[in-house]
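Student: just to be clear, the model below is a prediction. Sequence and coordinates:
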Amino acid sequence: MLNWSKIDTVLLDMDGTLLDLHFDNHFWLNVIPEQHAIVRNIGLDEAKADIAKRYQAVHGQIQWYCLDYWEQQLNLPIMELKRQTQHLIKVREDVPAFLTALRQADKELILLTNAHPESVILKFEKTAIDNYLDGVVSTHQYGVSKEHQSLWQQVHADLGFDKQRTLFIDDSLSVLKAAKEFGIGHLLAVANPDSKQPHNEISDYLNITDFSHVHP
């Protein structure tokens, strides 16, 4: 598995890695289409099809993760709707013990998320996971998402971590691919980001469904 003696810094994704992705999936795939149908006075199926097309058009780009972009595109109060659904925001059960073990092992813990800063703040309020972290980076600070090399170059220049002695954990294979291309030495995929969905089959990366299997 992981050779912790060769790892100093751990870069952590948030949604689907530290937090259950069920909240985000429910919000973007159910709540938003339902509200879109009401605002546009169209059927739910038509609303879902329109939303899916809009998502696909900016998939993997910073806009896909940008609450301001979607508020403007859809004329919906995105953060207000998120707060109405915030009871679904939950830390993965295996995460607190894992983060505690990493801190005890004196690893540097940095959150590196594509989530919008307002969403990050809401999730910190609900979960207090920021208490475990040494630093927090939202890619919105750079205007480019984790799928792109320019993001990795800028974050590396600012944080100065040793690429070869860094572990990056994420549930997105396209993001892990970008991290690998950039030269991050250790990669770990989360195969069960959404507690309400089946596990993903992952063959290209070391992957887990329970962080207790990789404690240092």
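Tutor: Right, received. Where do you want to start?
Student: following the helix or strand hosting residue 103, which helix or strand comes up?
Tutor: Taking DSSP states H and E as the definition, residue 103 sits inside helix 95-104. Per DSSP H and E, the first helix or strand lying C-terminal to helix 95-104 is strand 108-113.
Student: that following strand vs helix 95-104, what angle?
Tutor: Strand 108-113 and helix 95-104 are oriented at 140 degrees to each other (axes from the mean of the first three to the mean of the last three C-alpha atoms, to 10 degrees).
Student: could you list the paired strands of strand 108-113 along with their orientation?
Tutor: Note on strand 108-113: by DSSP bridges, its sheet partners are strand 9-12 (parallel), strand 135-138 (parallel).
Student: which residues in the chain form helices?
Tutor: 22-26, 32-40, 44-57, 67-74, 78-84, 95-104, 117-127, 149-159, 173-182 (DSSP state H).
Student: out of these, nearest to residue 133?
Tutor: Closest of those to residue 133 is helix 95-104, at 8.2 Å (criterion: C-beta to C-beta). Where you see a C-beta, it was placed from the backbone N, CA and C, and this is true even at glycine.
Student: who's in contact with the nearest residue to residue 153 once chain neighbours are set aside?
Tutor: Among residues not flanking residue 153 along the chain, residue 182 sits closest, at 7.5 Å (C-beta to C-beta, 6 or more residues apart in numbering). Residues counted as contacts of residue 182 (C-beta atoms under 8 Å, 6 or more residues apart in numbering) are 149, 152, 153, 156, 163.
Student: check the gap between the closest residue to residue 55 other than its chain neighbours and residue 14 for me.
Tutor: Excluding the flanking residues, the one nearest residue 55 by C-beta to C-beta, 6+ apart is residue 64, at 6.8 Å. According to C-beta to C-beta, to the nearest Å, residue 64 stands 15 Å off from residue 14.
Student: and those two? Which one has more around it.
Tutor: residue 14 (24 against 18; other C-beta atoms under 10 Å).
Student: which residue of the chain sits farthest from its center?
Tutor: residue 41 (32.2 Å; C-alpha atoms, centre = their mean).
Student: now that residue: how far from residue 35?
Tutor: Taking C-beta to C-beta, one finds residue 41 at 12 Å from residue 35.
Student: give me the residues contacting stretch 50-63.
Tutor: With contacts defined as C-beta under 8 Å, 6+ apart, stretch 50-63 is touched by 28, 32-33, 36, 40, 42, 64, 69, 73-74, 114, 139-140, 143-145, 147, 174.
Student: filter the residues you listed down to the buried ones.
Tutor: Among the contacts of stretch 50-63, those classed as buried by 16 or more other C-beta atoms under 10 Å are 32-33, 36, 64, 69, 73-74, 114, 139-140, 144-145, 147.
Student: could I get those residues as JSON lines with pLDDT?
Tutor: Formatted as JSON lines, the buried ones among the contacts of stretch 50-63 follow (pLDDT from 0 to 100):
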{"residue": "32", "pLDDT": "97"}
{"residue": "33", "pLDDT": "97"}
{"residue": "36", "pLDDT": "97"}
{"residue": "64", "pLDDT": "93"}
{"residue": "69", "pLDDT": "96"}
{"residue": "73", "pLDDT": "95"}
{"residue": "74", "pLDDT": "96"}
{"residue": "114", "pLDDT": "97"}
{"residue": "139", "pLDDT": "97"}
{"residue": "140", "pLDDT": "96"}
{"residue": "144", "pLDDT": "97"}
{"residue": "145", "pLDDT": "96"}
{"residue": "147", "pLDDT": "97"}
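Student: that's all I had, so thanks and see you.
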